[in-house]
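Peer 1: can you look at this prediction? I've put the sequence above it.
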Amino acid sequence: MTILCMASLALVVACGGKKADTAEAGEQATEQTDEEQPADEAEATEDGEAPAKLDIVVDETVADAQKAIYANGDFKPFTGVFFKDDFTADKVGEFPAKWSLNNGSAEVAKFNDRQVLNLSNNDAEVTPKVAGNSKYYLPEAFTFEFEYFCNGDEDFNAGYHLNFETPAGTEEINLITEENVNWNLPKKNEEWMQGTYEKLGDVEKKNSWNHFALSYINGTLKLYVNGTRVASLPDVLAPRCLAIHGEGWDDHRYYFTNVRLTTEAPAGEKK
């Protein structure tokens with residue numbers, strides 16, 4: 001991934017084929033002296049990039065398929081939404097307004113009666129514009145989700161790489177349709193963690209839309225496919241920003257839609 005953050009994280013999900021954890025809110029001290037800066041704030045100033053101020057809205061309006069995932073699966077998003085896009089506001093054939101193009105080419109398309117983002121070649125990479133297109137916007141606790149299409153043919157599988165920038169480097173989560181989900185993540189102790197979920201075929205729907213999600217809460221990264229938790233990874237270094245990278249093969253479909261980023265809603269916010 002090419003986002004210019006201090007580090008990055010990648011996620012790849014493959015098409016194949018229970019109750020979500022919620023963050024416990026903790027109170028933080030409000031009085032701070034110049035000598036006693038919080039650790040995360042001090043880290044943010046080392047590269048001259050302060051955490052972005054997010055525009056968080058309580059918005060529980062989601063597609064019917066996502067409602068079913070929330071009701072019946074392990075994954076539960078927060079109620080505070082700071083990015084969402086189903087591409088319906090964009091014109092087919094154009095690049096979407098809420099995204100930046102880092103590499104390759106991509107355009108909004110119509111597929112199976114849905115507006116989608118089509119990663120038009122096998123090296124396209126896009127990133128959501130969050131908080132004025134800030135390079136450092138992911139909060140301490142967040143969820144990320146999107147729907148992707150699984151071709152149902154192993155000869156035409158697609159690789160979705162989710163790249164997260166961290167102070168230690170790139171965290172990679174790879175979704176390879178028809179195959180597996182694998183990851184390569186920097187841990188808080190400066191070590192790295194690699195692994196693979198090889199039973200994607202048990203939870204993925206072929207020749208159909210599928211739902212991928214992750215949550216990052218209290219240093220634990222959890223991965224979900226169609227509401228089923230497929231990995232729980234502790235002590236992962238906090239990511240700062242993300243990108244979706246399509247890498248694989250020409251003439252394979254890279255279609256995704258209904259993208260959402262959520263976090264805890266501010267106290268007193270109403271729907």
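Peer 2: Nice, I can see it. Nothing here was measured: the structure is a model prediction, and the numbers come from that model.
Peer 1: what number of residues lie near residue 70?
Peer 2: Residues lying near residue 70 (other Cβ atoms under 10 Å) number 18. All C-beta atoms are positioned from the backbone trio N, CA, C, and that covers glycine.
Peer 1: surely it is in contact with residue 79?
Peer 2: No. Here residue 70 does not reach residue 79: they are 11.1 Å apart, not a contact under Cβ atoms under 8 Å.
Peer 1: run a quick neighbour tally on the residue nearest to residue 186 when sequence neighbours are not counted.
Peer 2: Excluding the flanking residues, the one nearest residue 186 by Cβ to Cβ, 6 or more residues apart in numbering is residue 168, at 3.9 Å. The number of residues packed near residue 168 is 19, by other Cβ under 10 Å.
Peer 1: swap in the one 4 residues further on?
Peer 2: As a burial measure, the neighbour count of residue 172 was computed by other Cβ under 10 Å and equals 21.
Peer 1: distance check, it against residue 124.
Peer 2: 16 Å (Cβ to Cβ, to the nearest Å).
Peer 1: can you read off the pLDDT for residue 77?
Peer 2: Looking at residue 77, its pLDDT reads 95.
Peer 1: helix or strand for it, which one?
Peer 2: Secondary-structure assignment from DSSP states H and E places residue 77 in no helical or strand segment.
Peer 1: surely residue 223 meets residue 200?
Peer 2: No. Residue 223 lies out of contact with residue 200 (Cβ under 8 Å); the separation is 10.9 Å.
Peer 1: list residues touching both of these two?
Peer 2: 181, 230 (Cβ atoms under 8 Å, 6 or more residues apart in numbering).
Peer 1: residue contacts, the closest residue to residue 120 other than its chain neighbours?
Peer 2: Nearest residue to residue 120, sequence neighbours excluded (Cβ to Cβ, 6+ apart): residue 105, at 4.3 Å. Taking Cβ under 8 Å, 6+ apart as the contact definition, residue 105 lies against 120-121, 124.
Peer 1: please consider this matter closed, and thank you.
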